[in-house]
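Student: Please find the sequence and the predicted model below.
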Amino acid sequence: MNFETILFYLFAAVVVFAALRVITARNPLHAVLFLVLAFVSSAGIWLLLEAEFLAITLVLVYVGAVMVLFLFVVMMLDINLEQLRKGFWQWLPAGALLATLIVVQMVWVLGDKASSAGMTAVRHAADYSNTKELGRLIYTDYVYPFELAAVLLLVAMVAAIALTFRRRRDSKSQQISRQVQVKRADRVRLVSMPAVKRSADDASARAPK
């Protein structure tokens, strides 16, 4: 067992421990911090696989931005922990069954891949660019799944905005059909005002002194 294998098992153990603490921690703030630890350990595993771009992106985007935002939200919200813990033991068997099913599927898929491709990691040259290779795969072999994921994220964002602002009384929305059918008489009113000619005395009286 070499040094890289020891690091892999160390990072994997930390990821499993942190993931379990995310769902078992009583304090939501502690759960967020354990999730940050899981992300950092996953980035270490990706570094061992020579996926430097993915590891840096995971740390900068998720740990440095998304999880910090989650941490601020959890700290600012007044969360009722007693209400949050209700129903935990009631749904524990269903959650355990679902987790077991996911683990079985992952072992089956990864075992099939490992038996067909082998467990030996591919060594690349010193001038190998992980970012260039990732971009080539995304925009050639996986261009349709990439575009589909972008469309799904866009639809989810629009749906979240629509569900958030639909029930608010102070929200304003445009009705395109009514805007197209509007006429000039509905928006503009011409008023005829007779012109009044002032005399010289009135003009001198209104002039500033």
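Tutor: Alright, I've got the coordinates.
Student: helix or strand right after the helix or strand where residue 16 lies?
Tutor: In the assignment (DSSP states H and E), residue 16 maps to helix 3-24. Per DSSP H and E, the first helix or strand lying C-terminal to helix 3-24 is helix 28-48.
Student: now what about whichever helix or strand comes after that following helix, what contacts it?
Tutor: Next helix or strand after helix 28-48 toward the C-terminus (DSSP H and E): helix 52-57. For helix 52-57, contacts defined as C-beta atoms under 8 Å, 6 or more residues apart in numbering pick out 43, 44, 46, 47, 130, 131, 134. Placement of C-beta: from N, CA and C, glycine included.
Student: re earlier: so which elements touch the helix holding residue 16?
Tutor: Identification of packing neighbours for helix 3-24 by 3 or more C-beta pairs under 8 Å, 6 or more residues apart in numbering; DSSP states H and E yields helix 28-48.
Student: got the buried residues for the helix it packs on?
Tutor: The neighbour-count check on helix 28-48 (16 or more other C-beta atoms under 10 Å) flags 28, 31-46 as buried.
Student: elements contacting that helix?
Tutor: Using 3+ C-beta pairs under 8 Å, 6+ apart, helix 28-48 is in contact with helix 3-24, helix 52-57, helix 67-76.
Student: Okay, angle between that helix and helix 3-24 too, please.
Tutor: If you take axes from the mean of the first three to the mean of the last three C-alpha atoms, to 10 degrees, helix 28-48 sits at 160 degrees to helix 3-24.
Student: relative to helix 67-76, how tilted is helix 28-48?
Tutor: Using the same axes, to 10 degrees: helix 28-48 against helix 67-76 is 170 degrees.
Student: What would helix 28-48 look like as PDB? C-alpha coordinates only.
Tutor: Extracted in PDB, the C-alpha atoms of helix 28-48 (Å, rounded to 0.1, in the frame of the first residue of the first chain):
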ATOM      1  CA  PRO A  28     -28.100  22.900  11.700                       C
ATOM      2  CA  LEU A  29     -24.900  25.000  11.900                       C
ATOM      3  CA  HIS A  30     -22.900  22.000  12.700                       C
ATOM      4  CA  ALA A  31     -24.500  20.100   9.800                       C
ATOM      5  CA  VAL A  32     -23.400  22.900   7.400                       C
ATOM      6  CA  LEU A  33     -19.800  22.800   8.700                       C
ATOM      7  CA  PHE A  34     -19.700  19.000   8.300                       C
ATOM      8  CA  LEU A  35     -20.900  19.400   4.700                       C
ATOM      9  CA  VAL A  36     -18.000  21.800   4.100                       C
ATOM     10  CA  LEU A  37     -15.700  19.200   5.500                       C
ATOM     11  CA  ALA A  38     -17.200  16.600   3.100                       C
ATOM     12  CA  PHE A  39     -16.700  18.900   0.100                       C
ATOM     13  CA  VAL A  40     -13.000  19.600   1.100                       C
ATOM     14  CA  SER A  41     -12.300  15.900   1.500                       C
ATOM     15  CA  SER A  42     -14.000  15.100  -1.900                       C
ATOM     16  CA  ALA A  43     -11.700  17.800  -3.500                       C
ATOM     17  CA  GLY A  44      -8.700  15.900  -2.000                       C
ATOM     18  CA  ILE A  45      -9.900  12.700  -3.700                       C
ATOM     19  CA  TRP A  46     -10.300  14.500  -7.000                       C
ATOM     20  CA  LEU A  47      -6.700  15.800  -6.600                       C
ATOM     21  CA  LEU A  48      -5.500  12.200  -6.300                       C
END
